[in-house]
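structure of the sequence below:
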Amino acid sequence: MIPGLSRRLAVAIALLLSVILAASGCSAPDEDAPRGGPVQVNTPQGPVMIPGTPQRIVTLGTQWIDTALAFGVSPVAYLDQNQILSKKPAPWVGDKLENSTALSMENLVAEIAKAKPDLILAEGYMATAQPEMYGKIKEIAPTIPGVTGKQIDPWDDMVTLFGTITHRTDLAEDIINRVNDAISRVTTDYPGLKDKTYALAYMFSSEQIQVMADPTDGAGILFAQLGLKVAPTLAAEFARKGEPRFPISTENVPMLDADLLAVTAGSEAMRAELRKLPGYANLKAVRDGAVADLSVTEITGLNQPSALSIPYLLDQLRPQFERAANAR
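Below you'll find the model as predicted:
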């Protein structure tokens with residue numbers, strides 16, 4: 001885990017593990033009752049009390065879906081925007097959601113209520129970008145609106161929190177260690193990655209490309225763990241704007257100049273258009289063969305990294321890591 005993250009999360013989570021037993025006449029607890037005491041989570045939107053170990057969890061967004069599945073927990077219902085677009089689950093998910101109900105944005109509140117959850121895990125942007133919907137959803141069951149207040153939460157903070165609210169902190173530690181081991185294998189195998197640069201980009205229209213430039217949000221921290229730094233031009237733009245993710249015009253393709261480029265586009269036609277844009281062929285990653293041409297689902301797994309997506313994608317990107325590490 002990156003230094004400081006565990007301390008920050010420790011401050012964010014207040015455990016109220018209180019079990020009150022009567023002095024006499026105690027009977028064996030009902031096996032169907034929630035195990036563990038209540039947990040209060042101090043979220044960016046205020047404290048949320050979870051009365052006991054949740055049994056019916058709804059996950060909204062890929063990071064929470066993957067976090068639950070990493071614990072072997074199948075959500076009763078889930079919202080996966082990528083699956084809605086691609087018509088299939090992420091390759092690191094496979095059939096793990098076959099017993100869960102897929103939600104859609106249409107009638108989302110009613111569909112969540114129908115699932116009868118005792119906990120809802122939402123991504124942080126919902127509370128700020130969709131406050132009316134968030135207000136309705138949190139009336140259904142205790143709702144966690146993100147962990148850190150960042151656009152994208154660090155994957156290990158999410159694992160730690162999930163382990164806390166489900167009273168499985170040992171398993172959370174094991175999951176974090178396994179993922180960190182996968183990251184460490186990459187840095188050990190490709191020491192030349194240290195201090196190399198990267199760009200993460202999504203061409204979503206013929207005029208604009210969305211980029212990530214905040215080294216301190218969830219995606220940025222993952223790349224930092226690999227020893228990589230944000231492409232200098234993008235880092236300078238982030239410093240000027242203060243926006244973690246922002247669009248650049250397609251005429252500004254040279255801003256993507258970096259040792260490693262992870263990129264996708266909204267369609268095959270747009271991918272071909274990207275390769276023809278002025279300046280693309282001169283990008284360092286293109287010249288060195290260090291371009292990871294990813295699907296939208298795959299790049300989401302980097303942009304919103306999780307305990308499941310990280311090991312899978314690190315294996316997929318090994319050829320690009322090797323070329324970037326060895327390039328001069």
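
which stretches in the protein count as strands?
For the chain, the strands defined by DSSP state E cover 13-15, 39-43, 46-50, 57-60, 77-79, 101-102, 119-122, 143-145, 197-203, 208-212, 229-230, 245-249, 260-265, 291-293.

go through those and pick out the most buried.
Comparing those on average neighbours per residue, with mean count of other Cβ atoms under 10 Å, the densest one is strand 57-60 at a mean of 28. For glycine as for every other residue, the C-beta is placed from the backbone atoms N, C-alpha and C.

report the distance from that one to the chain centre.
Distance of strand 57-60 from its chain centroid, counting by Cα atoms, centre = their mean, to the nearest Å, is 14 Å.

hmm, Gln210 is touching Phe204, no?
Yes: counting by Cβ atoms under 8 Å, Phe204 is a contact partner of Gln210 at 5.8 Å.

thinking again about what came up before, okay, the strands of the chain in TSV with distance to Ala90 next?
Below are the strands of the chain laid out as TSV (distance: least, Cβ to Cβ, whole Å):
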stretch	distance to Ala90
strand 13-15	28
strand 39-43	26
strand 46-50	27
strand 57-60	13
strand 77-79	12
strand 101-102	13
strand 119-122	17
strand 143-145	22
strand 197-203	16
strand 208-212	19
strand 229-230	25
strand 245-249	20
strand 260-265	14
strand 291-293	16
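
which residues touch stretch 67-76?
56-59, 65, 93, 96-97, 99-101, 115-117, 121, 155, 158-159, 162-163, 166, 168, 171-172, 175, 306-308 (Cβ atoms under 8 Å, 6 or more residues apart in numbering).

put the buried members of these into a ChimeraX selection.
A single ChimeraX command is used to select the members of those judged buried by 16 or more other Cβ atoms under 10 Å:
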select :57,58,59,65,93,96,97,100,115,117,121,155,158,159,162,163,166,168,171,172,175,306,307,308
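
tell me which of the contacts of stretch 67-76 fall in helices.
Ile65, Trp155, Met158, Val159, Phe162, Gly163, Leu171, Ala172, Ile175 (DSSP state H).

mind putting the residues you listed into a markdown table with pLDDT?
Converted to a markdown table, the ones in helices among the contacts of stretch 67-76 look like this (pLDDT from 0 to 100):
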| residue | pLDDT |
| --- | --- |
| Ile65 | 98 |
| Trp155 | 96 |
| Met158 | 96 |
| Val159 | 98 |
| Phe162 | 97 |
| Gly163 | 97 |
| Leu171 | 98 |
| Ala172 | 98 |
| Ile175 | 98 |
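
with respect to Gln225, which of these is nearest?
Trp155 (10.1 Å; Cβ to Cβ).
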